[in-house]
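1. Sequence first, then the predicted structure, then my questions.
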Amino acid sequence: MLNIPEIKEACENLTATFLEPAAGEGAFLVVILERKLNMVSKKYNNDLIQYENYSLLALTTLYGIELLEDNAQICVMNMFQQYYDNYKEQVEHHNGELKKKVLDSAKKIISLNIVNGNFLTRKSRDGDPLVFSEWQPVNMRKTSKNIKIQRTEYTLDEVYGSVKKENGRAINNLIQEPVQLDLFDFWEDEIENIHEVQKEMRYIPVKIIDVYKEEMEEADG
């Protein structure tokens, strides 16, 4: 399967995406990741900063669904190990240092792109819709070395329905904020003088090496 021309060609495409519906322990995805990282090391490796940015972008294109929780966790660990090994090799090549924020961002991307659930029902073990993040480069040019990216969340149903959202929109992203009620409300309703109001949030464009921070703002802010 890995030698199918379409797959080999996609591995040479920085932004071509893969979704493995039965990821297992990640055997297929790890090989695809290795091939993509090798491509990055050849085409986007003028210096360590460029490699860090483009290797993370390549990582954002790989997705997986696994029914068994243990397998899903192993898949995540195997993918991170592959990323780490390739990154360490390039750090040594450029006489640089491993950066914690790069590794933290790699962990965040992998943990969000590999989900524990059922591909057929498109739901998680808890019965919630499976959610994936789209990682969209912002104003990226061929000469870009530092990449900015914006994360947008979709359910798997929305992905298959070709739903398009405003960039940055998140799912289950409502935060709660206490609001003071009128001084005498408690006389009528016998409720506490504090209640919760919800604010819709969205992810903001950030440097790809900072995606681990999951920075957000009010959607209407």
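-> Yep, it's here.
2. Please tell me how far residue 35 sits from residue 19.
-> With distances taken as Cβ to Cβ, to the nearest Å, residue 35 is found 16 Å from residue 19. All C-beta atoms are positioned from the backbone trio N, CA, C, and that covers glycine.
3. now swap in residue 103 and tell me
-> Here the criterion is Cβ to Cβ. By it, residue 103 lies 24 Å from residue 19.
4. do the same with residue 33
-> Residue 33 sits 14 Å away from residue 19, going by Cβ to Cβ.
5. okay, and the common contacts of these two?
-> Overlap of the contact sets of residue 33 and residue 19 (by Cβ atoms under 8 Å, 6 or more residues apart in numbering) is empty.
6. Of those two, which one has the most company?
-> residue 33 (25 against 16; other Cβ atoms under 10 Å).
7. Once you drop chain neighbours, what's closest to that one?
-> Leaving aside its chain neighbours, residue 33 sits nearest to residue 82 (5.2 Å; criterion: Cβ to Cβ, 6 or more residues apart in numbering).
8. Secondary structure element holding the one you found?
-> Element membership for residue 82 (DSSP states H and E) is helix 69-93.
9. buried stuff in that helix?
-> Using 16 or more other Cβ atoms under 10 Å as the test for burial, helix 69-93 gives 71-72, 74-76, 78-80, 82-83, 86-87, 90-91.
10. what's the residue closest to the geometric middle of the protein?
-> By Cα atoms, centre = their mean, the mean C-alpha position of the chain lies nearest to residue 109, the distance being 3.7 Å.
11. in terms of contact, does it touch residue 134 like I think?
-> No. The criterion here is Cβ atoms under 8 Å, and residue 109 misses it with residue 134 at 11.7 Å.
12. just to revisit the earlier point, can you say which helix or strand has the residue nearest to the centre of the chain in it?
-> Residue 109 is located in helix 100-113, with elements delineated by DSSP H and E.
13. Need the mean per-residue confidence for that helix.
-> Average pLDDT, helix 100-113: 98.
14. With stretch 25-42 instead?
-> Summarised as a single mean, pLDDT over stretch 25-42 is 97.
15. circling back to that earlier point, what's the offset of the helix holding residue 109 from the middle of its chain?
-> Distance of helix 100-113 from the chain centroid (Cα atoms, centre = their mean, to the nearest Å) equals 8 Å.
16. what residues does it touch?
-> So helix 100-113 is contacted by 52, 56, 59-60, 62-64, 76, 79-80, 83-84, 87, 132-133, 135, 208-212, 214 (Cβ under 8 Å, 6+ apart).
17. ChimeraX command to pick out the buried ones of the residues you listed?
-> Remark: buried members of those, expressed as a ChimeraX selection using 16+ other Cβ under 10 Å:
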select :52,56,59,60,62,63,64,76,79,80,83,87,132,133,135,208,209,210,211,212
